[in-house]
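Novice: Compute the structure for the input listed below.
(chains A, B, C and D)
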2 protein chains.
Amino acid sequence: MSMHGESEVLLTPAEVASLFRVDPKTVTRWAKAGKLSSIRTLGGHRRYRESEVRALLGAASEPAEGTDKA
Amino acid sequence: MSMHGESEVLLTPAEVASLFRVDPKTVTRWAKAGKLSSIRTLGGHRRYRESEVRALLGAASEPAEGTDKA
DNA sequence: ACACACTCGGGTAATTGGGGAA
DNA sequence: GCTGTCCCAATTACCCGAGTGT
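Specialist: Residues are numbered from 1 along each chain as shown, chains lettered A, B, ... in the order given. Got it, this is the predicted structure:
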């Protein structure tokens, strides 16, 4: 066996949906809306980058950060 | 130049499956469907071209990039 | 030659995609 | 505007036993 250790970890729609506590269809909508990048299998199913999902999960919108607009 | 002549890097079904986050059997199905070229070992096992796999993996839709260029 | 992991083949559930409506 | 659920068709995942690769 060879070890390259260079692959990007991809997540299935169900995985992402589970992480966000939403329906898999909703994750699909996010991908369609361009809010989330997706890689397609040769059969057309979507795979998502774990790193990107994690980043989005970590992006909290607490009332003490972001833009002080209003 | 990046030609190795006939020394093309080949990947095993498990390798390709890992890259696409699918089951090795699914990769086999892609090969049967002609969506992916495969080379057979003398025993009948399939091997895949890394360059081809990489090219197919590059088909990712990104959210909104190239817009933040003020 | 032995052992172990992987891949082969076929068949059957589960998931996903797309559209549309609540 | 956003999400969850319905339909149906396609794709994918897991079951087995047997052969291959190192």
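
Novice: Can you find the helix or strand in chain A with the smallest mean pLDDT?
Specialist: In chain A, the helix or strand scored least confidently by mean pLDDT, DSSP states H and E is helix A:50-58, which has a mean of 93.

Novice: Now it: buried residues?
Specialist: For helix A:50-58, burial by neighbour count (16 or more other Cβ atoms under 10 Å in any protein chain shown) applies to A:Glu50, A:Glu52, A:Val53. (C-beta placed from N, C-alpha, C; glycine too.)

Novice: Contacts (any at all) between chain B and that helix?
Specialist: No: applying Cβ under 8 Å from any Cβ of the partner chain, one finds helix A:50-58 separated from chain B by no less than 8.7 Å.

Novice: so how far is A:Val27 from A:Pro13?
Specialist: 5 Å (Cβ to Cβ, to the nearest Å).

Novice: same thing with A:His45?
Specialist: In terms of Cβ to Cβ, A:His45 sits 12 Å off from A:Val27.

Novice: Please name the residues that touch the residue most central in space within chain A.
Specialist: Geometric centre of chain A, nearest residue: A:Val53, 3.2 Å, by Cα atoms, centre = their mean. Residues in contact with A:Val53 (Cβ atoms under 8 Å, 6 or more residues apart in numbering or on different chains) are A:Leu11, A:Val16, A:Leu19, A:Leu36.
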